[in-house]
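> Return atomic coordinates for the entry below.
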Amino acid sequence: MRFGVLVFPGSNCDIDCYKAVEALGEPVDYVWHTADDLSAYDCIIVPGGFSYGDYLRCGAIARFTNVMGALVKAAEEGKYVLGICNGFQILTEAGLLPGALLRNNSLKFRCHPADLRVENASTPFTREYEAGEVIDIPIAHGEGNYYCDEATLAELKANNQIVFRYAGSNPNGSIDDIAGICNKAGNVLGMMPHPERAVSELLGSVDGKRMFTSILSAWREQNGAAAR
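Numbering: from 1, shown residues only. Below is the predicted model:
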């Protein structure tokens, strides 16, 4: 399985994502925002950071880069797309996921461990978790307050597109405690917490590691690849 990690001016979690995939033993490349072809990749990760300095709105400039056209095509083809933090913001700006990310209700940057409840364990990104399981995944954002209108929220619930909710304390005021959602097809996931920062005991949690092994397991099953 081949992974691509997108890099925009201002990305700062691309190395973390690269290292998390590298630990799987699978091929992974950095992909600069000027690229216009992602056909070589089975999963594309849109990492966190401050793309283009987060000027205008978070992700609003990155959304118009060359690579985003290729990303939309890859998503339509059913390839896996994982947007983390600023990556989630970029996916909403690009229309790959509904809703928007607003300023935290505290108006402060929040950076600390967070408890998440797995609401949908049937996606390619969560198949190695249990529904209802609470996991420890850190957050680091100033604009992670997920918002959508009532009709969109009802649709997300009806289609089981809410993948993660904050368990206990909601750190940013997001509607319905939402921490991550997927598209209707289930192959595009956006989340504010950082699973790539929870892949080693040295980092304080290994709960994010199963997201990456889930992706690999789903791809192998889909492609009939033998497990290692």
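> Helices along this protein, start to end?
14-22, 66-76, 86-93, 150-158, 209-223 (DSSP state H).
> Packing partners of the shortest one?
Counting contacts by 3 or more CB pairs under 8 Å, 6 or more residues apart in numbering; DSSP states H and E, helix 86-93 packs against strand 43-46, strand 80-84, strand 100-102, strand 188-191. Just so you know, the C-beta spots here come from the backbone N, C-alpha and C atoms, and that holds for glycine as well.
> Please repeat the previous calculation with a cut-off of 6 Å.
For helix 86-93, the elements it packs on are strand 188-191, judged by 3 or more CB pairs under 6 Å, 6 or more residues apart in numbering; DSSP states H and E.
> List of residues touching the strand it packs on?
75, 81-83, 88, 91, 96-97, 125, 164, 179-180, 182 (CB atoms under 6 Å, 6 or more residues apart in numbering).
> Got the confidence number for Pro195?
We have a pLDDT of 98 for Pro195.
> so how far is Asp37 from it?
27 Å (CB to CB, to the nearest Å).
> now swap in Met68 and tell me
The separation that Met68 has from Asp37, given CB to CB, amounts to 13 Å.
> more crowded one of those two?
Met68 (22 against 13; other CB atoms under 10 Å).
> Once you drop chain neighbours, what's closest to the more buried one?
The shortest distance from Met68 to any non-neighbouring residue, by CB to CB, 6 or more residues apart in numbering, is to Ala94 (5.5 Å).
> Measure how buried that neighbour is and give me the count.
21.
> My guess is it contacts Arg63. True?
Yes: counting by CB atoms under 6 Å, Arg63 is a contact partner of Ala94 at 4.8 Å.
> got any ranges where the chain has weak pLDDT?
Residues of the chain meeting the criterion pLDDT under 70: 225-228.
> can you give me the end-to-end distance of stretch 178-187?
18 Å (CA to CA, to the nearest Å).
> do stretch 89-105 as well
17 Å.
> residues making contact with that stretch?
46, 58-60, 62-63, 68, 75, 83, 110, 142-143, 145-148, 152, 172-173, 188, 190.
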